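1. Below are the sequence and a predicted model; questions follow.
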Amino acid sequence: MNILSAITPLNNDYCEQIIDIVLPIQQIEFNVPITIQDQPDLLDIEKNYHQTGGNFWGAKHNELLVGTIGLIAFDKHAGAIRKMFVRKDYRGKEWGTGQLLLDTLIDYCRQNQIADIYLGTVDVLKAAHRFYERNGFTRLAKNELPQSFPLMSADTIFYHLHLTN
């Protein structure tokens, strides 16, 4: 079993490392036509995540950042998952990176009375769809999202999870 050293909150000191994970996965691995200009949130983690009442976490193996997940709180009791990405070599059940990141975010939501978690994703990320569905997320149509949900232009598939106590 492979062991991650930590899941820790990230701040603006990590912007460059976060971008180094996210962009290659989007652009090279999955051919999503998206640039850093389309994702200005990555240039100011503190403003776009922390100041909303959300947070941004990273999974580390030794000192290497290997995975990310962010939460934007967009309503008193609702949040949007953003930037859930894991380096290819650190994916899968043997690492559990994605699960640890998601569990950390869900624990944070429970502690902060965020009962509804939403996310948008793209069609090509089939493994991500299965992962969210295994974790209790249900698919919903774009027109079923809350009006205040922060839409990303690339997203075409949406999910929701309602947390119960």
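-> The structure has been received and is ready for your questions.
2. where exactly do the helices run in this protein?
-> Remark: helices assigned in the chain by DSSP state H are 15-24, 45-48, 97-111, 126-134.
3. Which strands and helices lie in contact with the worst-scoring helix or strand of the chain on mean pLDDT?
-> Least confident helix or strand of the chain, by mean pLDDT, DSSP states H and E, is strand 6-9 with a mean of 92. In terms of contacts (3 or more Cβ pairs under 8 Å, 6 or more residues apart in numbering; DSSP states H and E), strand 6-9 is packed against strand 55-61, helix 97-111. Every residue, glycine included, has its C-beta placed from N, CA and C.
4. which other helices and strands contact the longest one?
-> Okay, so that is helix 97-111. Using 3+ Cβ pairs under 8 Å, 6+ apart, helix 97-111 sits against strand 6-9, strand 55-61, strand 64-75, strand 78-86, strand 116-121.
5. Output these as TSV; include the columns distance to N31 and mean neighbour count.
-> Converted to TSV, the helices and strands packed on helix 97-111 look like this (distance: least, Cβ to Cβ, whole Å; neighbours: other Cβ atoms under 10 Å):
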stretch	distance to N31	mean neighbour count
strand 6-9	29	14
strand 55-61	24	22
strand 64-75	20	22
strand 78-86	15	24
strand 116-121	15	20
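6. Tell me where the chain is predicted with low confidence.
-> 1-2, 4-5, 165 (pLDDT under 70).
7. Would you convert the helices and strands packed on strand 6-9 into a markdown table that also reports distance to I34?
-> A markdown table is the format used below for the helices and strands packed on strand 6-9 (distance: least, Cβ to Cβ, whole Å):
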| stretch | distance to I34 |
| --- | --- |
| strand 55-61 | 18 |
| helix 97-111 | 20 |
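8. coming back round to it: need the helices of the chain in JSON lines with distance to I7 and mean neighbour count, can you?
-> Output for these, formatted as JSON lines (distance: least, Cβ to Cβ, whole Å; neighbours: other Cβ under 10 Å):
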{"stretch": "helix 15-24", "distance to I7": "14", "mean neighbour count": "17"}
{"stretch": "helix 45-48", "distance to I7": "15", "mean neighbour count": "17"}
{"stretch": "helix 97-111", "distance to I7": "5", "mean neighbour count": "18"}
{"stretch": "helix 126-134", "distance to I7": "16", "mean neighbour count": "14"}
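9. returning to that earlier point: between the helices and strands packed on helix 97-111, which gets nearest to L105?
-> strand 64-75 (5.4 Å; Cβ to Cβ).
10. residues touching the spatially closest residue to T121 that is not a sequence neighbour, list them.
-> Leaving aside its sequence neighbours, T121 sits nearest to I157 (Cβ to Cβ, 6 or more residues apart in numbering; 5.1 Å). Contact partners of I157, counting by Cβ atoms under 8 Å, 6 or more residues apart in numbering, are 120-123, 129, 139.
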